[in-house]
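In: got a predicted structure plus its sequence, pasted below:
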Amino acid sequence: MLIAVIERHPGWGYTSEIKEDNQKAKIVLTVVQNTLTHARSSIKGVLGRSFGDPDPNEPENDRLRVGCADIVQLTRDSIRTLDTNRLVVNKTRANLAMCTRFAFLRQEYRKPENEKDFWKGVDNELAALRNKYKADPKSLNKYFTDVLTKDVKIYGDSPDSGEVVATEKHDQQREVEAFAERTESQLTNLGNEDGEDD
């Protein structure tokens, strides 16, 4: 997917000359794969450090945690680790959709069945959700809203929540999401077409 995004922006360096040279294209693919592998590992580390400890003064189920990262902090920490891996541009800021995604990842991290292969567990859960709600996008949206609501209940709300809700996505973020969702109409409507640099 990332190669497809890069191909849309030859000004970033992945020109048709490089794409048509199998050896050079293979080097680019290897660098992208290694970068993504390192980024996934970094994000998993951020998730693992975000939990804090159970509050001993709260009931056992869904009790608040202390010393944990609220969802906005978790999202910002994850953006920073991606920036360290050169996978985000410095315009990237936490927004509601990103916070929801990281709340989902934190939920999946806690599942014992995902201990052995976390990212495979995430992929499997996403595939199951897409299958379950394929004819009912409103219910899928409600599912993710509930995940975020539960995360805020357990790990606390952020004083920056209002700022996050109001944050607009920048063009590269919308472009990557459009590729991930495979919605060609969204790609066509983006402002960064014809390989413009940004």
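Out: Arrived safely, thanks for sending. Numbering: from 1, shown residues only.
In: how close does S139 sit to S78?
Out: Counting by Cβ to Cβ, to the nearest Å, the gap from S139 to S78 is 27 Å. (Glycine included, C-beta is placed from N, CA and C.)
In: more neighbours, these two?
Out: S78 (24 against 11; other Cβ atoms under 10 Å).
In: C-terminal to the lengthiest helix in the chain, what's the next element?
Out: Longest helix in the chain, counting residues (DSSP state H): helix 22-48. Next along the chain after helix 22-48, taking DSSP states H and E as the criterion, comes strand 53-54.
In: contact partners of that following strand?
Out: R63, R65, V66, G67, C68 (Cβ atoms under 8 Å, 6 or more residues apart in numbering).
In: off-centre distance for it?
Out: Between the centre of strand 53-54 and the centre of its chain there are 25 Å (Cα atoms, centre = their mean, to the nearest Å).
In: for the spatially most distant residue from the centre of the chain, which three-state class applies?
Out: What lies farthest from the middle of the chain is N57; by Cα atoms, centre = their mean that is 32.9 Å. For N57, the assignment made with DSSP: H, G, I helix; E, B strand; the rest coil gives coil.
In: quick one: contacts for I6?
Out: With Cβ under 8 Å, 6+ apart, I6 has these contacts: W12, Y14, V28, V32.
In: helix or strand for it, which one?
Out: helix 2-7.
In: L74: neighbour count?
Out: Here the neighbour count serves as a burial measure; for L74 (other Cβ under 10 Å) it reads 27.
In: I meant Y155, not that one.
Out: Going by other Cβ under 10 Å, the residues that sit close to Y155 add up to 22.
In: next secondary structure after the helix or strand containing A97?
Out: Using DSSP H and E, A97 sits in helix 96-109. Scanning forward in sequence from helix 96-109 by DSSP H and E, the next helix or strand is helix 118-132.
In: pretty sure D160 is touching T75, no?
Out: No. D160 is beyond contact range of T75, at 10.0 Å (criterion: Cβ atoms under 8 Å).
In: those two: who's more crowded?
Out: Counted by other Cβ under 10 Å, D160 and T75 do not tie: T75 has more neighbours, with 27 against 14.
In: residues touching the more buried one, list them.
Out: A94, M98, C99, F102, V164.
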